[in-house]
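**Student:** Provided below are the primary sequence and the corresponding predicted coordinates.
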Amino acid sequence: MNNKHFNLIPILLLILISLFLVNSVQAEDTTVKIPDPLGGQADDIPFLVGNIINYILGILGVLALVMFISGGIMWMTSGGVPDKIKKGRDTLVWAILGLALIFFSYGLLDFILKALQQS
């Protein structure tokens, strides 16, 4: 098999479709319940901003995880070619650095938002 044109799009589509299918299966209740995105505190602006930032950081964390998996697949399917190994290793290193930045950002924003809520 030629791994030269390995494409991750079908794998990502399969993962996304399976996530939506798992969430859409219900036993008896056929009503759709949409959670309140504001958490019931629509008049609290710092709470709203904190929720938006948490959602964005969550999406970035998922993207970093996808890049981590992609780098691992690149490395494992390199076939011993040094350029492909380097590309996979570089993807893994940048994904790890991205995750570290996301964790640091979350901690810093959590600290700032809690300080703003106390004042």
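**Tutor:** Nice, I can see it.
**Student:** Give the buried residues for the helix or strand hosting Leu116.
**Tutor:** For Leu116, the enclosing helix or strand under DSSP states H and E is helix 82-118. Within helix 82-118, the residues that qualify as buried are Lys84, Gly88, Thr91, Leu92, Ala95, Gly98, Leu99, Ile102, Tyr106, Leu109, Leu113, counting by 16 or more other CB atoms under 10 Å. C-beta coordinates here come from the backbone N, C-alpha and C atoms, glycine included.
**Student:** same for that helix, what does it pack against?
**Tutor:** With contacts defined as 3 or more CB pairs under 8 Å, 6 or more residues apart in numbering; DSSP states H and E, the packing partners of helix 82-118 are helix 45-76.
**Student:** hang on, the earlier thing: the helix holding Leu116 - what's its average pLDDT?
**Tutor:** In this model, helix 82-118 has an average pLDDT of 88.
**Student:** what angle do it and helix 45-76 make?
**Tutor:** Here helix 82-118 runs at an angle of 170 degrees relative to helix 45-76 (axes from the mean of the first three to the mean of the last three CA atoms, to 10 degrees).
**Student:** Number the chain from 33, please
**Tutor:** Right, with 33 as the first residue, what we last looked at is helix 114-150.
**Student:** one step back: which two among the buried residues of helix 114-150 are spaced furthest apart?
**Tutor:** Using CB to CB, the pair of those lying farthest apart is Lys116 and Leu145, separated by 42.7 Å.
**Student:** Including distance to Val94, could the buried residues of helix 114-150 go into TSV?
**Tutor:** Listed next are those as TSV, based on distance: CB to CB, whole Å:
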residue	distance to Val94
Lys116	25
Gly120	20
Thr123	16
Leu124	17
Ala127	12
Gly130	11
Leu131	11
Ile134	10
Tyr138	14
Leu141	18
Leu145	22
